[in-house]
Structure formats: C-alpha cells, structure tokens
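Chemist: Following is a predicted model, sequence given first.
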Amino acid sequence: MSASPAPLETPPPAASAPAAPYLSLRDLHVTFVGGRKPVHAVNGVDLALAPGEALALIGESGSGKSVTLRALMRLNPERKTKTTGEILVGGRDVARLDGKALSLYRGGEVAMIFQEPLLALDPVFTLGQQIVEAIRRHERIDRAQARARALALFERVRIPSPAKRLDAYPHEMSGGMRQRAMIALALACNPRVLLADEPTTALDATVQIQILLLLRDLQRELGLSIVFVTHDLGAAVEIADRIVVMYAGRIVEEGPAREIIRNPRHPYTIGLLKSRADGAMKKGARLDAIPGAPPDLANLPAGCAFAARCSIAEPRCREILPPLARHAAGGGVRCLRADEAPGLLAR
C-alpha cells in the first residue's frame, strides 16, 4: 500500500541559517604612534569568522595581516598603539578584558602559532615544562595530569618519540618539530580560535606541506576556527574556506577560496596570482611581478592605495576610496573598475 502524500499545508523545511560569527571585527583601526608620524597599519577592517571556519589573510609584507592578528590577542605594544573599533570573541569585547580575564582569554579562548617558534618558545625550559605550565595556569590540575595531557598533545601533532621530546629544549628540535611543538602548545588549553601567523614560512617545502595538512586535520577534528596569515596563495587554498586579501591595512577583496582563485576581481589579487610560478611556465620565463612598492603607511593616499601600482587605474582611482562592494558570488571587492579588471588584466 503506497504511503499517503504529505498534507498540502505542510511547509517545506526551512533553509538552515548561516552560523553566527564567533569572532568579529568591526571598523578595526590600529595606528602606531610615538614616531615622527603616526603609522596607520590597519584601516577599517570588518571581518567575521564562523565556528569551525578556516579563513586565510593574504597580502604582501606590510599589508596589516600580522598586526590584525596581534590586535585580536592584544599583543601590540599598548603605549605605542592606538586601537579603535570593536573586537568581539564569543560575544565578549576583547578591549574590556584585563588582568586575569585577559590572561585566561589568551590561550584559553584564542591561541596563536607564531612564525618562528625558536623565538616564541622559551630557550631555558623544556618543551614539556612550557606546555605543563600553560595548562596549569588555566586549569586546576596537578603536574602529573598536565604532563600526561602534554604527552597526548605531542602524539596528536605527530611528534615522533613524544615522551623523549617532552624533555627536549627548543634548540634540540628541528624546525618542523619545533613548529609541531608550537601547535601543541597553542592547543594545550582547548581554544576555540587558532591564529596562525605564517607558520610555514621558515620551513622547507616538504615540511610546509606536512604542517598545512596537520593544521587542516586538527581544524576538522577539533572544530576549530582558524585565521591563517600567509603571502602564499597555494598555502591559503590548502587550508582555507574563505580568503581575505589585504593591502595597505584594508581588505580589498574577500570571498570563498575557490572563487578568489578562479575569478579574482581586484587588480591586486590578479597581480598576486599572476606573480606565482606554476607548472605551465616555460623554463627561464619571467614572472609577472607587481611593479612598484606598497605605500608608506604614514602617508596613505586619499584614494585607492593600490592606484600607483595599478596598470588600469584612472584619475578618479587616486581621488576616491572605493567601498567594499558585495557581489553575487558571495564575496566583496574594493575597486572602481572591478567589473572590467579581469578582462583588461588577462594575459
């Protein structure tokens, strides 16, 4: 006997709403003061990170990527830094945290993997001592329990002979093993958000791939939200769901990773993609480098900061700062000629 059809008045299932952001930046400005002129490192960044999402910040050195990450951790020097805007993590205003609350936030809610672990790790303590101290600072457990968890973390990040490596000093480990230990330290207190500041830059190509795959596996296994800073588009594609392109402290393009790679709209993003070597290049061929240099952040131009280096810039580009305009593919671009740029800049 056939099943009866559903009543006509039954509404179709509602589409699932997108997850509310766990981390959000609203009109973030970071200015370094104390020198001859203020340096405007971050200029009005709006960003949202959903639970379990991996986001990559890309751009040249001086684009504001690392300063943005350090603002999330309140690590920029307070006496020489003016920070305005709003940083919300888990519904809390990070600017209002102080004392013990700030200490517990760092590592407990948001943790950071630094670019060079040999400088970030304390050279006079073993790796095990450093992880045990971090765990016990955030949780009331004894040293033996904390060491057992440190050992489990070393196993999770795939450090060989983990029990032996816990008693090693940072200088006794290779670059790749130190970075794995840095990841273990960042995960020690079960953070919800992981900030990775160019964690593969100092490593050789083979180890870079291993670290990227490890981070991607951990992100999926633990449900972490990740902000991954890099100037390597290949690394960004490996780990990110969404890519945000920064230039002169502003977001100039953002969207799903595949959309950014396949259909870039901003001349700067197109230039970054064209300046990469790929398998189709002939031996001895020259890369299409972006001409010029990034602007002086103490003397930012009135209009588009990329106009001086852009081959399709018009006079209005030097006068008007374009807004970040949304488009149908789910991203945004800050360019007055975004609709024409892909065709004009094609090979």
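Modeler: Nice, thanks for sending it over. Numbering: from 1, shown residues only.
Chemist: From now on I want contacts and neighbour counts done on CA atoms only, so please keep to that.
Modeler: OK.
Chemist: Near residue 92, how many other residues are there?
Modeler: Neighbour count for residue 92, taken as other CA atoms under 10 Å: 12.
Chemist: Kindly report the same for residue 131.
Modeler: Number of residues near residue 131 (other CA under 10 Å) recorded here: 26.
Chemist: for residue 322, helix, strand, or coil?
Modeler: coil (DSSP: H, G, I helix; E, B strand; the rest coil).
Chemist: Next one: residue 330, what pLDDT does it get?
Modeler: Predicted confidence (pLDDT) for residue 330: 89.
Chemist: which residues does the closest residue to it other than its chain neighbours bridge with?
Modeler: Leaving aside its sequence neighbours, residue 330 sits nearest to residue 255 (CA to CA, 6 or more residues apart in numbering; 6.0 Å). Residue 255 has these beta-bridge partners by DSSP bridges: residue 243.
Chemist: residues contacting the closest residue to residue 21 other than its chain neighbours?
Modeler: Using CA to CA, 6+ apart and skipping the chain neighbours, the partner closest in space to residue 21 is residue 50 (4.1 Å). Contact partners of residue 50, counting by CA atoms under 8 Å, 6 or more residues apart in numbering, are 19, 20, 21, 22, 23, 225.
Chemist: same check, this time on residue 230
Modeler: By CA under 8 Å, 6+ apart, the neighbours of residue 230 are 56, 57, 58, 59, 197, 198, 236.
Chemist: rewinding a little: for the residue nearest to residue 330, give me the pLDDT.
Modeler: Residue 255 is assigned a pLDDT of 95 by the prediction.
Chemist: what does residue 35 give?
Modeler: 83.
Chemist: likewise residue 78?
Modeler: For residue 78, pLDDT reads 90.
Chemist: burial of it, as a residue count?
Modeler: 10.
Chemist: cool, residue 102 as well?
Modeler: 17.
Chemist: Surely residue 110 and residue 189 touch.
Modeler: No. Counting by CA atoms under 8 Å, residue 110 stays clear of residue 189, with 9.4 Å between them.
Chemist: between the two, what contacts are shared?
Modeler: Counting by CA under 8 Å, 6+ apart, nothing touches both residue 110 and residue 189.
Chemist: before we move on, the earlier item: switch the contacts of residue 50 over to TSV; also include pLDDT and neighbour count.
Modeler: Formatted as TSV, those follow (pLDDT from 0 to 100; neighbours: other CA atoms under 10 Å):
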residue	pLDDT	neighbour count
19	67	11
20	81	11
21	90	17
22	93	19
23	95	21
225	95	23
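Chemist: now, among these, which is nearest to residue 100?
Modeler: residue 23 (20.6 Å; CA to CA).
Chemist: Looking at strand pairing, list the partners for the residue nearest to the closest one when sequence neighbours are not counted.
Modeler: Of all residues not flanking residue 23 in the chain, residue 89 sits nearest, at 4.5 Å (CA to CA, 6+ apart). Bridge pairing for residue 89 (DSSP bridges) gives the partners residue 23, residue 92.
Chemist: and the gap between residue 89 and residue 195?
Modeler: Applying CA to CA, to the nearest Å, one obtains 13 Å for the distance of residue 89 from residue 195.
Chemist: And the helices in the chain?
Modeler: Using DSSP state H, the helices assigned to the chain run over residues 65-73, 99-108, 117-120, 127-138, 143-156, 162-165, 175-187, 205-222, 233-239, 257-262, 267-274, 341-344.
Chemist: Please identify the deepest-packed of these.
Modeler: Ranked by mean neighbour count, the helices of the chain are led by helix 175-187 with a mean of 24 (mean count of other CA atoms under 10 Å).
Chemist: Now do that one: everything it contacts.
Modeler: For helix 175-187, contacts defined as CA under 8 Å, 6+ apart pick out 107, 111-114, 116-118, 121, 127, 130-131, 134, 150, 153-154, 157-159, 170, 194, 199, 202-203, 207, 211.
Chemist: hmm, who's touching stretch 147-162?
Modeler: Taking contacts as CA under 8 Å, 6+ apart, the residues outside stretch 147-162 that touch it are 128, 131-132, 163, 165-166, 177, 180-181, 183-184, 187-188, 214.
Chemist: Pretty sure the residue nearest to residue 23 sits against residue 22.
Modeler: Yes. Between residue 89 and residue 22 a contact is recorded at 5.8 Å, counting by CA under 8 Å.
Chemist: In this protein, where is pLDDT below threshold?
Modeler: Per-residue confidence for the chain (pLDDT under 70) gives these ranges: 1-19, 278-282, 284, 346-347.
Chemist: Okay, domains of it per the record?
Modeler: The record's domain split for the chain, according to automatic domain parsing, is 23-240, 267-277+291-344.
Chemist: Tell me if I'm right that residue 195 and residue 109 touch.
Modeler: No. Residue 195 lies out of contact with residue 109 (CA under 8 Å); the separation is 10.9 Å.
Chemist: What distance do you get for residue 58 to residue 219?
Modeler: Counting by CA to CA, the gap from residue 58 to residue 219 is 19 Å.
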